[in-house]
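1. please work out how this folds:
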Amino acid sequence: MSLDELRENCNQSINNLFEKYNDNTYILGRINRHIVNYLPNILDNELKNHNKRIERNSFLSNEQNLFIHIFLNNNKFYYLQSSGFFYEYFNKKYNIVNDDDVIHKLLSSISKERILLQWKYKTKLNVLKLIKERSLFSSIPESRTIQNVINVLYPSIFTTKNITKYFLTIIGDNILKKSNNIIFIVNQKNKKILIDLDNIGSVSIGVTNISHNFMTRYHENHSHENYRLIKMNDNVSNDLWIENLKKYGLDIICVAAHYSNRHINSDNYLDTKSDEDLKNYSYYLKNIKQDEIIKNFCNICLEKVSGEKIMEWKNLHFIWKQYLSSLSIPNVIYSNTLKTILKGIYDYNEINDSFNSITSKYLPIESDFIQFWNTTISISYNLEEDVEAEIELDELCMLFKYWVKQNTEIVLSSGNITEDNVHTILKHFFPNVNILEDKYVLNISCNLWDKNNDINNSLNFMKNKIYNLPLISFDEIYNNYYIFCNTNSYKFIVSMRYFEKNLLFHLKDFIVYGEFIQTKWFIPLNI
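-> The predicted structure is shown next:
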């Protein structure tokens, strides 16, 4: 309202009063007295009080701003809409905090200062509003936090710090939902690690499936341009990983988001920060065409020869998978597609499904192992009269090497085979074989080694030694078995696992206290 309008209103009000009390000299006198004697003093006091309130509010506002600035600087609280959680970055670690704890700390700080007690509620609302506007992913972790996260992932999961930082940037991109169509190929053995990380993300930040673009298989319907490779260790301790996730899971997520913010995206990290080895490996499928991969395979692994030398398709396909494995790249060409392309390069025999006049220096150990398997291994299932058969991968290596020495006139390889070789061969050539925990091959026996007979012989040997003892532990029996085998120059010794399985099967009626055998299970030989 303008000054003239205010003046007009006042004049109109006074005129209305004079007209109302026109015949009442007493009231007219009081009106005059109030306007002339009281109103100036009242207005002076109101002006003074108004100025004091302005000064007080200005002071409290400045104090409030200062308090908020100091409080938020000293107490690194954050918030996420996706989870509805408050977070605190304290002592180099991120933690989820209860909103009541945030409010309690805030009100305690206000009360301690005392200046803002009159504005306690107002200050609380302002601070909470600012915290809710401060995203967890805007925080910048300190170097100690970043180093702790890197130590969790390297070297247990990744072979270099560079790959570790690349992985964190990828996860950060996914958390922040940066739009791209990139797909990352990892080994099937690593899927559990990513599932566990997904679970932590869902529980702690309300973001599901943060590893959604990690795949264990190649699909031809995706463009090579969009594929990236990332190498992770195969043998990761699941117990250690779960323990570290419980302790550092939220730290991993926050550092990942920080790396994504810092490096823009994972491709930019490769282009600007990574070493050439990592860059070339990750971009392998992006930079090489399908026919080039096959050409390199043929040049390195296959050799044309004269004569009637043939190579069965299953063997050639095995060499192909071994070649890819040596490069740590996925099977990027479907087997039918590969076979069709190779038919255009080499002479193919449809009848026996083989390629003519080619050989490979990488085949002998595989073909020899298959011959060893076919001539010495028997498959049996759930034999009621005996303990379930099994042979460990390292035992198969040992048996194969022994078989090679006994058959030097028919084998081509030196017998130098590893557990990984055996596992790969079995998965490819004998897919129906059951392998437990990537270590135990179930329901098989070898005619080179009668495990149960060796154990029975050792137990008979022990009868004269222990018949006068009421109990004997599994460990003692196994130690006696071990001594018996060495004394009698047995070539092979069963593992403690299999030995215990044998005892639990054959002597179950004499087992007490979990791991003790009652010695009444036998009749001593010399009594």
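2. use CA for all of it now, contacts and neighbours both
-> Noted.
3. in a strand, S489, correct?
-> No. Counting by DSSP: H, G, I helix; E, B strand; the rest coil, S489 is located in no strand; its state is coil.
4. and what about the closest residue to R134 other than its chain neighbours, helix, strand or coil?
-> Leaving aside its chain neighbours, R134 sits nearest to Y78 (5.4 Å; criterion: C-alpha to C-alpha, 6 or more residues apart in numbering). Classification of Y78 using three-state DSSP returns strand.
5. quick one: contacts for Y78?
-> 86-88, 131-132, 134-136, 139 (C-alpha atoms under 8 Å, 6 or more residues apart in numbering).
6. and it, how far from I205?
-> Noted for Y78: a distance of 12 Å to I205, by C-alpha to C-alpha, to the nearest Å.
7. list the buried residues in stretch 227-234.
-> 227-232 (16 or more other C-alpha atoms under 10 Å).
8. give me the contacts around it.
-> Against stretch 227-234 from outside (C-alpha under 8 Å, 6+ apart): 156-159, 163, 167, 182-187, 189-190, 281-286, 328-329.
9. where exactly do the helices run in the stretch 101-250 of the chain?
-> Under the criterion DSSP state H, counting those that start in this stretch, helices of the stretch 101-250 of the chain are mapped to 120-132, 143-153, 161-175, 191-205, 238-263.
10. and the ones you listed, which is most packed in?
-> Scoring the helices of the stretch 101-250 of the chain by mean neighbour count under mean count of other C-alpha atoms under 10 Å gives helix 161-175 as the most buried, with a mean of 24.
11. just for this protein, where's the confidence low?
-> Within the chain, the segments meeting pLDDT under 70 span 59-60, 381-386, 412-414, 464-469, 521-527.
12. longest helix of it?
-> If you go by DSSP state H, the chain has its longest helix at helix 39-74.
13. which residue ranges make up the domains of the chain?
-> The record's domain parsing of the chain by automatic domain parsing lists 3-49, 56-138, 143-286, 293-360, 363-449, 452-527.
14. distance to K93 for the buried residues of stretch 227-234 - can I get that in JSON lines?
-> What follows is the buried residues of stretch 227-234, written out as JSON lines (distance: C-alpha to C-alpha, whole Å):
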{"residue": "Y227", "distance to K93": "34"}
{"residue": "R228", "distance to K93": "31"}
{"residue": "L229", "distance to K93": "31"}
{"residue": "I230", "distance to K93": "28"}
{"residue": "K231", "distance to K93": "28"}
{"residue": "M232", "distance to K93": "26"}
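15. distance of the residue nearest to R134 relative to F137?
-> Distance of Y78 to F137, computed by C-alpha to C-alpha: 9 Å.
16. and what of L507?
-> L507 sits 61 Å away from F137, taking C-alpha to C-alpha as the criterion.
17. what does M311 give?
-> Here the criterion is C-alpha to C-alpha. By it, M311 lies 57 Å from F137.
18. kindly report the same for E113.
-> E113 sits 31 Å away from F137, going by C-alpha to C-alpha.
19. ok, the two, which is more surrounded?
-> F137 (21 against 12; other C-alpha atoms under 10 Å).
20. quick one: contacts for the residue lying closest to that one once chain neighbours are set aside?
-> Nearest residue to F137, sequence neighbours excluded (C-alpha to C-alpha, 6+ apart): A257, at 5.9 Å. With contact taken as C-alpha under 8 Å, 6+ apart, A257 is in contact with 137, 168-169, 171-173, 175-176.
21. now render those residues as CSV, adding distance to N41.
-> CSV is the format used below for these (distance: C-alpha to C-alpha, whole Å):
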residue, distance to N41
F137, 59
L168, 72
T169, 71
I171, 71
G172, 68
D173, 68
I175, 66
L176, 64
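22. T145: which of those is nearest?
-> For those, the minimum distance to T145 (C-alpha to C-alpha) is 13.4 Å, reached by L168.
23. now the closest one. Nearest residue, chain neighbours left out?
-> Here the residue nearest L168, using C-alpha to C-alpha, 6+ apart, is A256, at 4.5 Å.
24. looks like that neighbour contacts Y166 (just checking).
-> No. Here A256 lies out of contact with Y166, judged by C-alpha atoms under 8 Å, at a distance of 9.3 Å.
25. helix or strand right after whichever helix or strand S367 is part of?
-> Under the criterion of DSSP states H and E, S367 resides in helix 364-376. Where DSSP H and E defines the elements, the next helix or strand beyond helix 364-376 is strand 377-379.
26. ok, then the element right after that next one?
-> Using DSSP H and E, the helix or strand that follows strand 377-379 towards the C-terminus is strand 390-392.
27. buried residues in whatever helix or strand comes next after that following strand, which are they?
-> Per DSSP H and E, strand 390-392 leads on to helix 393-406 as the next helix or strand towards the C-terminus. For helix 393-406, the neighbour count (16+ other C-alpha under 10 Å) marks 393-401, 403-404 as buried.
28. what residues of the helix or strand just after helix 393-406 count as buried?
-> Per DSSP H and E, the first helix or strand lying C-terminal to helix 393-406 is helix 419-429. Buried residues in helix 419-429, defined by neighbour count with 16+ other C-alpha under 10 Å: 419, 421-426.
29. orientation of helix 419-429 relative to helix 364-376 in degrees?
-> Going by axes from the mean of the first three to the mean of the last three C-alpha atoms, to 10 degrees, helix 419-429 is angled at 70 degrees with respect to helix 364-376.
30. by contact count, what packs against helix 419-429?
-> Packed against helix 419-429 by the contact rule (3 or more C-alpha pairs under 8 Å, 6 or more residues apart in numbering; DSSP states H and E) you find helix 313-327, helix 393-406.
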